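Trainee: Provided below for reference: sequence and predicted model.
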Amino acid sequence: MVKNIPIVVVLSICLIFFIIEAIVNAYLRGLVKNGNSFFRKPETIFDFFLIVVTLIGYLNYSGIEEIRILQMFRPIQLILRFKNTRIILGTTLNAVYKLKAILLFMLVILMIYSIIGVIFWKGDIHYRCRQTPQPENGDWRVIESDTRP
C-alpha cells in the first residue's frame with residue numbers, strides 16, 4: 001500500500017501528542033480511583049480507544065481502517081468542551097432545522113430536473129456502442145456505425 005509520507009509524518013506527530021496527553025491526563029486524574037478519574041469519563045475512554053485503534057492501524061492489520069473513521073469525532077469532542085462553541089453549534093443546528101421546508105422544496109426542484117433529464121436523454125449517453133469496456137486516455141471510442149446523436 002502506497003502512503004503519502006508527509007501525511008504519515010503529521011499523523012505520527014499528532015498521535016505522539018495524543019499519547020502524551022492521555023498519559024498526563026491519566027496521571028493527574030488517576031486511572032479509576034475517584035469519580036473524576038481517567039476511565040470513568042466517556043470522553044477520555046473514547047480518546048483512549050482512538051489511540052489504541054490508531055496504534056493498531058500502524059501495524060497494518062486488515063479491517064482496522066474502517067474503525068479509524070471514528071477519529072473524525074475527536075475535533076467535535078474538543079468543540080463540545082467549550083460553552084461558547086456549544087452555543088454556536090446549537091444555534092447552527094437550530095437554524096438548519098428551521099430551514100427544513102426550504103431544503104425540502106429544493107429537493108423537489110432537484111427531483112423535477114432529474115426526471116426531465118431522464119426523459120430528455122432517455123439513456124442515449126449511457127447506451128452507446130463502444131469499442132472498449134473502459135475509456136482510453138479519458139475518452140470513449142464509439143463504434144462508427146452507431147449513428148445516434
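Mentor: Nice, thanks for sending it over.
Trainee: So, low pLDDT: which residues of the chain?
Mentor: Counting by pLDDT under 70, the ranges of the chain that qualify are 1-3, 60-65, 80, 123-131, 141-149.
Trainee: Would you map the helices across it?
Mentor: 5-29, 42-58, 73-80, 83-98, 100-121 (DSSP state H).
Trainee: Save these as TSV, and put in distance to Ile67 and mean neighbour count too.
Mentor: Backbone N, C-alpha and C define where each C-beta goes, glycine included. As requested, the helices of the chain are exported to TSV (distance: least, CB to CB, whole Å; neighbours: other CB atoms under 10 Å):
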stretch	distance to Ile67	mean neighbour count
helix 5-29	15	12
helix 42-58	5	15
helix 73-80	12	12
helix 83-98	25	10
helix 100-121	32	10
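Trainee: Among these, which comes closest to Asn36?
Mentor: helix 5-29 (5.8 Å; CB to CB).
Trainee: for that closest one, packing partners?
Mentor: helix 42-58 (3 or more CB pairs under 8 Å, 6 or more residues apart in numbering; DSSP states H and E).
Trainee: Before I go, just wanted to say thanks for your time.
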